[in-house]
Structures are given as C-alpha cells and as structure tokens.
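[1] predicted model and sequence follow; I will ask about them next.
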Amino acid sequence: MKMITTGFALAGVLALAACSDAPAAENDDASAQEQSAEAGAESPEQGADGEQPELPEADTSDVPEVVAEVNGEEITGEDFTVLYESQFQQMAMESQMTGEEPDQDQLKEQTLESMIGNELLLQDAEDEGYEASEEEIDALIADAAETAGMGSSEEFIEAYEEQGMDEEQLTEDAESQVLINQVLAQLEVPEPSEEELRETYDEAVAAQEGAEGAEGAEGEEAAEIPPFDEVRDDLEADATDQARNEAALDHVEDLRAEADVQTHL
C-alpha cells in the first residue's frame, strides 16, 4: 500500500493533506529550486559559474524487502522507498540553501515511524468498523488535486499514471486515508482558552519587536501584526490544529504500546 498522508503530522514526516508519492511533490520541488535560485550569490553552496551543485542521491541500498511488520501486516521496502525518496528529495532541495547535508539515517527512521503510525491508524479504523464511502474517496482525491495545483481529479489521476501508478492504486490509498481521517476525527481535542490565545498573540508581538530591534536601521521593516480581534480566529485554528497533532501522536503511541511491531531497517 502506497502512502497518502494523514491530516496531521506524524513523526515529523507526514504533511497536511498531501500524497507523499503524488505529483504535488513536483510542485514543492520546483518551489524549492526557485527559492534556491533566488538566493543567488548569497548561497554558500553555489559554484563560481552561478549554477547550483548536483543534489545528493537517496541511498536505498540497505532497504530490505520488508522494512517492518505491524501486527503481522508487512510494510514493504518498495513502499518505504517511494515515501523515503520523496522526503529525501525535499530535504535535498532545502540543503542547497542551508548547506547542511541531509541525515539519511535519521530521515529513514522518521519515514519508517510515520509508515508504522499510518498502519496502526488504519488497523484501528478497521477494528472500529469504519467505512469509506465513494463520495468521501472522490472528495479526498479532489482535494489532493487542488493541493497539487491541478484543475481536476482527472488531471491528477493522469499525472499519477504518468509516474507508473494507476487509478486503482490511488483509489485504494484514498480509501485508506479516509478511514484514518475518521479515526483522527474522533479524538478528543481541547478548545484553546481565551487566555491561551491572548498569550500566543502577545508572544508573537514580543518576538516581532525583538526581531526589529536586532535588525536595527538596516533591517527591512516587518509587516505590523494586526490587532488581536482581527487574528483571533486564525490563532484559534492554529491552536486547534496543534492540539489535533498532539492528540494524533498520543493515539499512535497508545496503539503502538499494545501492538506487535517488528522493524528490519
């Protein structure tokens, strides 16, 4: 089963509403290349001729046929490689700007943990008897297409097929994702208090004032933070998303504590 990420971040690898091996990654890579190019001569990694150095390659030589078993269900090396190479490519793009080589061992560990987390959530959905309707599956694919900057689900599916995948696999992955999202939707998430939102706002204002003071007269003037009342709803949404992330991570930890997980990477 190829990975479609959950609506929440797991193990630092999964991203919001994106297909890990979908065409959306191409847009991310193009954006990273553009940002890197804009850095120009300021980039320490840029050669004398102004060209960016070649990106490092993902090392998958040590990936076994089965990277893990979760309650008897295998996570294959093939599926792991698809997700790992996608994540590595994004990190490699970032490394052109930071000058830091990607830590492949750490990324492999994070990738494997995210796949184990997804498998645990999927098994939990099946144990709870959740079902994915055709409408929910179609809606998820449509959202993924929009996220990838495509005009329709059909265009998104065509891009998948051009990468050697098929519509049936995409539909199966979307069904799995719908089931996982249903599990996460049932988790209890506390609502942020007004005091917490105010504290977050005050910290943002103080951080901006500190940054402006450090930049001095030569620094660019940062955009002024709007009044609290104007950004309150955004602050609440961000706080709720963070609480959902934490609840998802806690739930995966609980599931793993009771699961039989064997890793081979």
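    Yep, it's here. Residues are numbered from 1 along each chain as shown.

[2] show me which positions of stretch 168-178 end up buried.
    Within stretch 168-178, the residues that count as buried by 16 or more other CB atoms under 10 Å are 170-171, 173-178. All C-beta atoms are positioned from the backbone trio N, CA, C, and that covers glycine.

[3] same question but for stretch 135-151, I mixed them up
    Under the neighbour-count rule (16+ other CB under 10 Å), stretch 135-151 has 136-137, 140-141, 144-145, 147-148, 150 buried.

[4] out of those, which sit inside helices?
    When DSSP state H is applied, the buried residues of stretch 135-151 are split such that 136-137, 140-141, 144-145, 147 fall in helices.

[5] where is pLDDT lowest across the buried residues of stretch 135-151?
    Of all these, residue 148 carries the smallest pLDDT score, 84.

[6] isn't that one right up against residue 156?
    Yes. Using CB atoms under 8 Å, residue 148 is in contact with residue 156, at 6.1 Å.

[7] and the helices in the stretch 51-200 of the chain?
    Ranges of helices within the stretch 51-200 of the chain are 77-98, 104-128, 134-147, 153-162, 167-185, 194-215, based on DSSP state H, counting those that start in this stretch.

[8] need those in TSV with distance to residue 239, can you?
    Formatted as TSV, the helices of the stretch 51-200 of the chain follow (distance: least, CB to CB, whole Å):
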stretch	distance to residue 239
helix 77-98	27
helix 104-128	23
helix 134-147	23
helix 153-162	32
helix 167-185	17
helix 194-215	7
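
[9] close enough to count as contact, residue 260 and residue 116?
    No. The pair residue 260 and residue 116 does not pass the contact test of CB under 8 Å, sitting 11.4 Å apart.

[10] who's more crowded, these two?
    When neighbours are counted by other CB atoms under 10 Å, residue 260 and residue 116 differ, and residue 116 comes out ahead with 23 against 9.

[11] remind me which residues of this protein are low pLDDT?
    Where the chain drops to pLDDT under 70, the residues are 1-53, 213-222.

[12] list the buried ones in the longest helix along it?
    Once the chain is assigned using DSSP H, the helix that runs over the most residues is helix 228-257. For helix 228-257, burial by neighbour count (16+ other CB under 10 Å) applies to 231, 235-236, 239, 243-245, 247-249, 251-252, 255.

[13] nearest to residue 54 among those residues?
    Among these, residue 245 lies closest to residue 54 (CB to CB), at 35.0 Å.

[14] now tabulate the buried residues of helix 228-257 in TSV and tack on distance to residue 191.
    Formatted as TSV, these follow (distance: CB to CB, whole Å):
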residue	distance to residue 191
231	17
235	12
236	8
239	8
243	8
244	12
245	15
247	13
248	17
249	19
251	18
252	22
255	25
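
[15] out of the helices of the stretch 51-200 of the chain, the one nearest residue 60 is which?
    Residue 60 sits nearest to helix 77-98 of all those, at 5.0 Å, using CB to CB.

[16] in that closest one, what's buried?
    Result for helix 77-98 [16+ other CB under 10 Å]: buried residues 77, 79-93, 95-97.

[17] what's the angle from that helix to helix 104-128?
    Orientation check (axes from the mean of the first three to the mean of the last three CA atoms, to 10 degrees): helix 77-98 against helix 104-128 gives 130 degrees.

[18] for the remainder of this discussion, apply numbering that starts at 13.
    With the count now opening at 13, the last piece we talked about shows up as helix 89-110.

[19] who are the packing partners of helix 89-110?
    helix 36-51, strand 78-82, helix 116-140 (3 or more CB pairs under 8 Å, 6 or more residues apart in numbering; DSSP states H and E).

[20] list the buried residues for the longest one?
    Spelled out, that is helix 116-140. So helix 116-140, judged by 16+ other CB under 10 Å, has buried residues 116, 119-137.

[21] equivalent analysis for stretch 171-180, please.
    So for stretch 171-180, counting by 16+ other CB under 10 Å, buried means 171-172, 177.

[22] closest to residue 200 out of the buried residues of helix 240-269?
    For those, the nearest to residue 200 is residue 259 (6.9 Å; CB to CB).

[23] OK, contacts around the closest one?
    196, 199-201 (CB atoms under 8 Å, 6 or more residues apart in numbering).
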